[in-house]
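>>> below: sequence and its predicted model.
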Amino acid sequence: MTSATTPALPQAPAGEAIIRAEKIEKYYSQPSENRIQVISATDLEIVPGEILALLGPSGSGKSTMLRMLTGLSRPSAGQVYWHEKPIAEAQINVSIVFQSFALFPWLTVLENVEAPLQARGVSPDGRRERSLRMLDTVGLAGFEAAYPKELSGGMRQRVGFARALVVEPEVLFMDEPFSALDVLTAENLRSELLELWANKTMPTKAVFIVTHNIEEAVLLADRIIVLGRNPGHIRTDFRVQIPQPRDRKAEAFTQLVDYIYKVLTRPDVVPTEIPTHPDGKKVRDQRQMRYQMLPHARPGGVAGLLELVLDKGGRDDIYRLADDLAFEIDDLLPIVDAAQLLGFLKVEEGDAAITESGAEFANSEILHQKELFREAATANVLLLRQIVRALEAKSDHSVPEDFFLDMLDEQFSDEESLRQLETAITWGRYAELFDFDAARRRFFLPKEEEEEAEAAGGVE
């Protein structure tokens, strides 16, 4: 599928962004006047001469981001620019390669490649010449009259590449293009892609690839962006300093894979340094995260999930859990993330395993559950610890909301800062760590906590 309109468009000068996203967000309104935030305010640029890989866990909004950058979906807020012109008003020139091949089964290989050119009004002779040339480029000369059902998976994906490239896109987008292929075929296609790119055989200025495969990103990309979720946000954005061709067994390669794996699987850990510079020096991350991104889940949802996992023997596949609950997986993940952040669950290779403290929480009465939640929250959530300490330090044990918003907005958008604080309030109230006066927009200690703080000398 292509989103291009004409191949004869101006090219971006070196260093100038072809596509620039400015504080784009995606959210869905709900009848309750709340909304589901899929992607928080994000800035991103695609520049000439680079392969950019977008990594992220399931539910982090990778494909949603791709659709907004290509103009297939409008951001709920913010703006996407094509050569500094709003994308809705511009003649964009991009193509997309999908993981499912997305070929027309009733058309031959040649007819599939010709399809986008026909849609643009290119003459029969012109589209045939260009399509044959592109099929030869991707190694499919001689298969012009074959139908997709007669081809292997790798050959069908080559047809997808040829169809995307025949329109000479300025930016080639790929949405997990190798994930449906066997390991050897995928490896061969990656090598061929790099060869086409290095030899400048591809008629494209930049490549944007969405992937869940860490090694694939490190093998291909000049720059890697890793997304977090709930909502989707950039956790780290850096250039890969390893020269091509890259050796999977090289120390710099394995260190970078390990770094990205930790960023993806440990949302509570702050990404700080990227060990990938050729001279062995560590490179500072461009985006340092101080606060964890709190999953927007309620304590009652965490309790219910833990009871269900315990009932299943203490361990179950996350996707199976979602099916049992009739949940979409993206609706369940924030609850799983909250339980993991609190130390009640461990997630290993797609399975949720209850911890000892999680089992105790699930088996306890409500009052003891609140005690366990309070201990886990203060031990694992920096924002909650800071709120409690600030309240204990103040002589009147009261602090305005804006004090914490000012700290959060250095890391999050204004809207996400509010959402983070709302989640912290929900957790803090449940754990009886503090209370919140919505009319005055102030935090304060409950009476018993205030008396304990005064007795301990926690007054100015």
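Ah, there it is.
>>> can you give me how far the helix or strand containing G160 is from the chain middle?
G160 belongs to helix 153-165 when assigned by DSSP states H and E. Distance, stretch centre to chain centre, for helix 153-165: 26 Å (C-alpha atoms, centre = their mean, to the nearest Å).
>>> again with stretch 362-374
On C-alpha atoms, centre = their mean, the centre of stretch 362-374 falls 33 Å from the chain's centre.
>>> ok, now stretch 211-230?
Counting by C-alpha atoms, centre = their mean, stretch 211-230 comes out at 9 Å from the chain centroid.
>>> quick one: low-confidence ranges for the stretch 51-200 of the chain?
101 (pLDDT under 70).
>>> show me where it has strands.
51-55, 77-82, 85-86, 94-98, 171-175 (DSSP state E, counting those that start in this stretch).
>>> reformat those strands as a markdown table; add mean neighbour count and distance to R223.
Bear in mind the C-beta positions are built from the backbone N, C-alpha and C, glycine included. Formatted as a markdown table, those follow (neighbours: other C-beta atoms under 10 Å; distance: least, C-beta to C-beta, whole Å):
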| stretch | mean neighbour count | distance to R223 |
| --- | --- | --- |
| strand 51-55 | 25 | 5 |
| strand 77-82 | 18 | 18 |
| strand 85-86 | 11 | 23 |
| strand 94-98 | 24 | 18 |
| strand 171-175 | 25 | 14 |
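>>> please convert those to CSV, extending it with distance to K62.
Output for these, formatted as CSV (distance: least, C-beta to C-beta, whole Å):
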stretch, distance to K62
strand 51-55, 5
strand 77-82, 16
strand 85-86, 23
strand 94-98, 13
strand 171-175, 8
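>>> coming back round to it: what's the helix holding G160 packed up against?
Helix 153-165 makes packing contacts with strand 94-98, helix 109-119, helix 124-137, helix 183-198 when contacts are defined by 3 or more C-beta pairs under 8 Å, 6 or more residues apart in numbering; DSSP states H and E.
>>> residues in contact with it?
Helix 153-165 has contacts (C-beta atoms under 8 Å, 6 or more residues apart in numbering) with 2, 95-98, 101-103, 109, 112-113, 115-116, 131, 134-135, 137-140, 143, 148, 151, 172, 177-178, 180-182, 185-186, 188-189, 193, 202-204.
>>> so, low pLDDT: which residues of the stretch 301-450 of the chain?
For the stretch 301-450 of the chain, counting by pLDDT under 70, the residues that fall below are 328-330, 349-350, 410, 448-450.
>>> I figured Q386 hits F404, correct?
Yes. Counting by C-beta atoms under 8 Å, Q386 does reach F404; the two are 7.3 Å apart.
>>> what's the angle from the helix holding G160 to helix 124-137?
Using axes from the mean of the first three to the mean of the last three C-alpha atoms, to 10 degrees, the inter-axis angle of helix 153-165 relative to helix 124-137 is 130 degrees.
>>> mind giving me the domain split of the protein?
19-284, 294-378, 381-460 (automatic domain parsing).
>>> sorry, back to before: looking at the strands of the stretch 51-200 of the chain, which is closest to P295?
strand 51-55 (19.2 Å; C-beta to C-beta).
>>> would you turn the helices and strands packed on helix 153-165 into JSON lines with distance to P48?
Formatted as JSON lines, the entries for the helices and strands packed on helix 153-165 read as follows, by distance: least, C-beta to C-beta, whole Å:
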{"stretch": "strand 94-98", "distance to P48": "13"}
{"stretch": "helix 109-119", "distance to P48": "22"}
{"stretch": "helix 124-137", "distance to P48": "20"}
{"stretch": "helix 183-198", "distance to P48": "12"}
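>>> winner for burial among those?
By mean neighbour count, with neighbours taken as mean count of other C-beta atoms under 10 Å, strand 94-98 ranks first of the helices and strands packed on helix 153-165 at a mean of 24.
>>> contacts for that strand next, please.
Applying C-beta under 8 Å, 6+ apart, the external contacts of strand 94-98 come out as 1-4, 66, 70-71, 116, 157, 160-161, 163-165, 167, 169-175, 177, 204.
>>> got the end-to-end distance for stretch 77-97?
In stretch 77-97, first residue to last residue: 26 Å (C-alpha to C-alpha, to the nearest Å).
>>> also stretch 171-186?
Terminal-residue distance, stretch 171-186 (C-alpha to C-alpha): 21 Å.
>>> for that stretch, the distance to its chain's centre please.
Remark: stretch 171-186 is offset 18 Å from the chain centroid, using C-alpha atoms, centre = their mean.
>>> which outside residues touch it?
Outside stretch 171-186, the residues that reach it (C-beta under 8 Å, 6+ apart) are 18-19, 46, 63, 66, 69-70, 93-101, 152-154, 157, 160-161, 164-165, 189-190, 202, 204-213, 216.
>>> SS state for L405?
What DSSP: H, G, I helix; E, B strand; the rest coil gives for L405 is helix.
>>> OK, contacts around the residue lying closest to it once chain neighbours are set aside?
Closest residue in space to L405, ignoring its immediate chain neighbours: S417 at 5.3 Å, by C-beta to C-beta, 6 or more residues apart in numbering. Applying C-beta under 8 Å, 6+ apart to S417 gives the contacts L405, L408, D409.
>>> how about I51?
I51 touches W197, A206, V207, I209, L220, A221, D222, R223, counting by C-beta under 8 Å, 6+ apart.
>>> now V226
Per C-beta under 8 Å, 6+ apart, neighbours of V226: L55, G56, I234, R235, T236, D237, I260, V263, L264, P271.
>>> again, only this time at 10 Å
When contacts are counted by C-beta atoms under 10 Å, 6 or more residues apart in numbering, V226 touches 53-57, 60, 214, 217, 234-238, 259-260, 263-264, 271, 285, 287.
>>> filter those residues down to the ones in strands?
For these, the ones inside strands are A53, L54, L55, I234, R235, T236, D237, F238, with DSSP state E as the criterion.
>>> between the strands of the stretch 51-200 of the chain, which gets nearest to G300?
Using C-beta to C-beta, the nearest of the strands of the stretch 51-200 of the chain to G300 is strand 77-82, at 30.2 Å.
>>> ok, residues contacting the closest one?
9, 12, 17-27, 39-46, 68-71, 73-74, 86-94, 170-171, 413, 415.
>>> out of those, which are buried?
Buried by 16 or more other C-beta atoms under 10 Å: 9, 12, 17-21, 24-27, 39-42, 44-46, 68-71, 87, 90, 92-94, 170-171, 413, 415, out of these.
>>> which SS state does Q411 fall under?
Assignment for Q411 (three-state DSSP): coil.
>>> use 5 as the first number from now on
Renumbered: residue one is now 5, and that last one reads Q415.
>>> still on that earlier bit, the inter-axis angle of the helix holding G164 versus strand 175-179?
Using the same axes, to 10 degrees: helix 157-169 against strand 175-179 is 150 degrees.
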